[in-house]
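In: Fold the following for me, if possible:
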Amino acid sequence: MPTPIKSITNPKLRLEILTPQEVQKIHDATLWIIEKVGVRFPSRRALDIWAAHGASVDRDRMTVRARPELIEQALETCPPAYTLCARAPSQDLPLDGNHVFVGTDGCGVEVLDIETGARRTSSLRDVADIARLADATEEVAFHWVPVSAQDMPPETRGLHEIKTIWENSTKHVQTESIYNEREAKAAIEMAAAIAGGREALRKRPVLSLMQCSAPPLGHDGGSLDAALLAAEVGIPTGFMTMAANLTTGPATLAGNLAVGNAEVIAATALLQLAYPGAPVFYAAAQTASDLRSGAYTGGGPEDFLYGAATNVLSDFYNIPLSMGSFATGAKEPNWQAGIENSLSTFMASIVMSDMLLGVGLLHGSRIWSFAQMMMDCEIFSIIHKTMQGIIVDDETLALEAIAAVGPGGNFLTQKHTRQHMRDVFLPQFMDRRPYNEWESKKDDARDWAVDKARKTLASHQPDPLDPKLSAELEMIIAKSV
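Out: I've put the predicted structure just below:
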């Protein structure tokens, strides 16, 4: 049976990261950027759509400038809520603004081998193993393609990746690895086969697409064409900005938010102009470039603030958010990974981001670690517990138990304790042993986490995909080239 999904629902804790006035200023700045500066859309189909709706199109530079009212009218047709469907209906994910779901991250190019710990190039086998492990892990609600199947041909790699995930899990698949119209057509046909036809796919989208922007203020042509095809058939589609302070965005947080927002909102408006009411989501993984090297950091206070602020913007536009919250810059599972992933995920969760990405990756989403995946899930479990806050009622005040124990007593034998003992968080990987026991063994969370991953892979077998359906997906891939 599919593993129950753990999500944050109806939290008691809240955070105001931006005032309504500040959100409005960012929105106004975004509209000014789109109208006065423009956004690059290197796709003939996209440019034709913009031109047909009265936008100013420079076909030589492939840039678009659009009036604020055109953008705002287009955004009004975005559906505020919908469901990401899974192969197993019990794993469906309502994107209604009241749940926080965690997925894996992508798309790494290396793996810390689960047996040897050595760093190596990622393969399709890794995609399968990670999908199977995620299928068994209750914290993981949906999949991104976690690593690149570099042993497969580049022209079909993205298609083999999503096929493999469907074969090894019953949870929803959200791919960031479909880059052009040809791949999108095949991916749509595969998703329709899984769902039971095109109309069934529109009702139950078992696939969603995420496309990265090309900051500053640009998009990739193939990604735009793929997104338009997906929107046409009702596959939820989002655009992710990764604009970084100092390099692909201004040095200031507000300026970088405005640049990234212009990228996402302009592309979202394009999909709505083409297919009003198409399910869309906002996606973001903004960061700061390192002052010493200019590299993408994947962690730090800027990331934590972006994690909260971006959700406020997506709420302003009343569309779901897929937010990069883990993806530490650490090279191995260590204190840096723990700090960065804890704070980024807490900030994104406390503002109720719909989808959080993504457990398991290190070095700014380059290297996959099975141990880090397990420990990231524990981080989410801690935040899940924290977000529940403190419930105060007659039962939780425990006055009868307090009276029964009295001064100097002990609560261990009380019925109230037995009834509520499971409410107390019990970690899997945090070391609470006596010092002498730790000193004699010198093992730690990384050892326990990778051991759990090994045992899960040895024992867990997800509900299989019908062999005939797998063969059909393989035929679709073969015909796509």
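
In: in the stretch 351-481 of the chain, which spans are helices?
Out: Counting by DSSP state H, counting those that start in this stretch, residue ranges of the helices within the stretch 351-481 of the chain are 370-387, 394-397, 399-405, 415-420, 435-441, 445-459, 467-479.

In: List just the one of those helices that sits closest to A337.
Out: For the helices of the stretch 351-481 of the chain, the distance to A337 is smallest for helix 370-387, at 6.2 Å, taking Cβ to Cβ. In short, each C-beta sits where N, CA and C put it, glycine included.

In: in that closest one, what's buried?
Out: Going by neighbour count (16 or more other Cβ atoms under 10 Å), the buried part of helix 370-387 is 370-384, 386-387.

In: Identify the bridge partners of the spatially most central residue of the chain.
Out: To find the centre residue of the chain, average its C-alpha atoms and take the closest one (Cα atoms, centre = their mean): that gives L357, at 3.0 Å. Under DSSP bridges, the beta-bridge partners of L357 are G103, G324.

In: The helices of the stretch 351-481 of the chain: which one's closest to E340?
Out: When these are compared by Cβ to Cβ, helix 370-387 sits nearest E340, at 10.1 Å.

In: helices and strands around that closest one, which ones?
Out: Secondary-structure packing of helix 370-387 (3 or more Cβ pairs under 8 Å, 6 or more residues apart in numbering; DSSP states H and E): strand 8-9, strand 99-104, helix 124-136, helix 335-350, strand 355-359, helix 445-459.

In: Flag every buried residue along stretch 290-297.
Out: In terms of neighbour count (16+ other Cβ under 10 Å), stretch 290-297 has its buried residues at D290, Y296, T297.

In: Pull up the per-residue confidence for the residue nearest to the second one when sequence neighbours are not counted.
Out: Nearest residue to Y296, sequence neighbours excluded (Cβ to Cβ, 6 or more residues apart in numbering): G364, at 5.1 Å. pLDDT, the model's per-residue confidence, is 87 for G364.

In: pretty sure G364 is touching D303, no?
Out: No: counting by Cβ atoms under 8 Å, no contact exists between G364 and D303, whose distance comes to 10.5 Å.

In: what is in contact with those two at once?
Out: T297 (Cβ atoms under 8 Å, 6 or more residues apart in numbering).

In: The two - which one has more neighbours?
Out: Under the neighbour definition other Cβ atoms under 10 Å, G364 and D303 were set side by side, and D303 has more, 24 against 19.

In: chain center to the longest helix seen in the chain: distance?
Out: With residue count as the measure and DSSP state H as the assignment, the chain has helix 253-274 as its longest helix. Remark: helix 253-274 is offset 18 Å from the chain centroid, using Cα atoms, centre = their mean, to the nearest Å.

In: What residues of that helix count as buried?
Out: Within helix 253-274, judged by 16+ other Cβ under 10 Å, the buried ones are 253, 255-274.

In: Stretch 415-426 now?
Out: For stretch 415-426, the neighbour count (16+ other Cβ under 10 Å) marks H416 as buried.

In: Do me a favour and average the pLDDT over it.
Out: For stretch 415-426, the mean pLDDT works out to 95.

In: how distant is the helix or strand hosting R202 from the center of its chain?
Out: In this assignment (DSSP states H and E), R202 forms part of helix 198-203. A distance of 23 Å separates the C-alpha centroid of helix 198-203 from that of its chain, computed with Cα atoms, centre = their mean.
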